[in-house]
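J.: Below is the sequence, then the predicted model.
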Amino acid sequence: MWDGRENPFSGYSKLKHLLGLGVVNNNERKKRMVMNTSKVCLLLIAYLIGSIPTALMVSRKIAKVDIRLLGDGNMGARNTQHVLGWRAGFIVAWVDFSKGLCIILLARTLQMNLTWQMLAGGITVLGHDFPLFADFKGGQGMATSLGTMSMLFWEETLIGLICFGIIYLISRHFDLSAACGLALLVYFLVRNLKSLSYLTYTLALLLTIPIKKFWDANHRLSESV
């Protein structure tokens, strides 16, 4: 009979200890804590990588100018190419593309699931559009978006890029070429029955491009008044 001096569950506790159940629970908690910390760090790194102002750095290095004050004012590869030439434009495009590619690679290295990979990709584009290191006045995110897509669904992205390249070589019209390339990318995502998550992610990122373009135009107009 229990006299109040001994824990009636002590036998159960000892059994859990012998079976290692308590250790497993502690290990699971530690794993969750590490994973949650990794997720927060991933998103922070994603924003900081996205915030690297490639076009601004290149324009200051080559011509000692702020690319946002020249051409159409966009801090991206297209405006850099228009103002400083194709070599500078290519460097900016490649680095901005690589920002998106690298963050998805980092997310996979940290064993993040698809949702967190896409979230990190989106945050990287957000950092590119509103960069911490350039007074939150960034580009429109096309190259960085394509960099993330190249890691998530490389075949469809490659088809879209090839289409863009061919049409641009023929027409020399960037907007037309980009529209055709991106439309073909979306078409093959649907045709190849890719995950709905991929399609939603792609459409969401593509929608940010005209929104950011409109935002920048209004912002420049308000500053000129």
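T.: Thanks, I have the structure now.
J.: From now on I want contacts and neighbour counts done on CA atoms only, so please keep to that.
T.: Noted.
J.: Near the closest residue to residue 129 other than its chain neighbours, how many other residues are there?
T.: Distance criterion C-alpha to C-alpha, 6 or more residues apart in numbering; nearest residue to residue 129, sequence neighbours excluded, is residue 138 at 4.4 Å. Residue 138 has 29 neighbouring residues, counting by other C-alpha atoms under 10 Å.
J.: Touching, residue 138 and residue 130? I think so.
T.: Yes. At 5.1 Å, residue 138 counts as touching residue 130 under the criterion of C-alpha atoms under 8 Å.
J.: What is the burial count for residue 133?
T.: Residue 133 - counted by other C-alpha under 10 Å - has 16 other residues nearby.
J.: quick one, what contacts it?
T.: Contacts for residue 133 (C-alpha atoms under 8 Å, 6 or more residues apart in numbering) come out as 51, 52, 53.
J.: try residue 158
T.: Contacts of residue 158 (C-alpha under 8 Å, 6+ apart): residue 150.
J.: Pull the strand or helix carrying it out as CSV, backbone CA atoms only.
T.: Using DSSP states H and E, residue 158 falls within helix 154-171. This file holds the C-alpha atoms of helix 154-171, laid out as CSV (Å, rounded to 0.1, in the frame of the first residue of the first chain):
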residue,chain,number,x,y,z
TRP,A,154,15.3,23.4,-64.1
GLU,A,155,13.9,21.8,-67.3
GLU,A,156,10.9,24.2,-67.7
THR,A,157,13.1,27.2,-66.7
LEU,A,158,15.8,26.2,-69.3
ILE,A,159,13.1,26.0,-72.0
GLY,A,160,11.8,29.5,-71.0
LEU,A,161,15.4,31.0,-71.1
ILE,A,162,16.1,29.5,-74.5
CYS,A,163,12.9,30.9,-75.9
PHE,A,164,13.7,34.3,-74.4
GLY,A,165,17.2,34.2,-75.9
ILE,A,166,16.1,33.2,-79.4
ILE,A,167,13.3,35.8,-79.6
TYR,A,168,15.6,38.5,-78.2
LEU,A,169,18.2,37.8,-80.8
ILE,A,170,15.6,38.2,-83.5
SER,A,171,13.6,41.1,-82.2
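J.: Tell me the buried residues in that helix?
T.: Residues 156, 157, 158, 159, 160, 161, 163, 164, 165, 167, 168 are the ones in helix 154-171 that count as buried (16 or more other C-alpha atoms under 10 Å).
J.: Could you double-check that the fifth one sits in contact with residue 177?
T.: Spelled out, it's residue 160. No. The criterion here is C-alpha under 8 Å, and residue 160 misses it with residue 177 at 9.7 Å.
J.: picking up where we left off before, could you single out the nearest of the buried residues of helix 154-171 to residue 205?
T.: residue 157 (13.5 Å; C-alpha to C-alpha).
J.: right, and that closest one touches residue 149 too?
T.: Yes. Residue 157 is within contact range of residue 149, at 6.3 Å (criterion: C-alpha under 8 Å).
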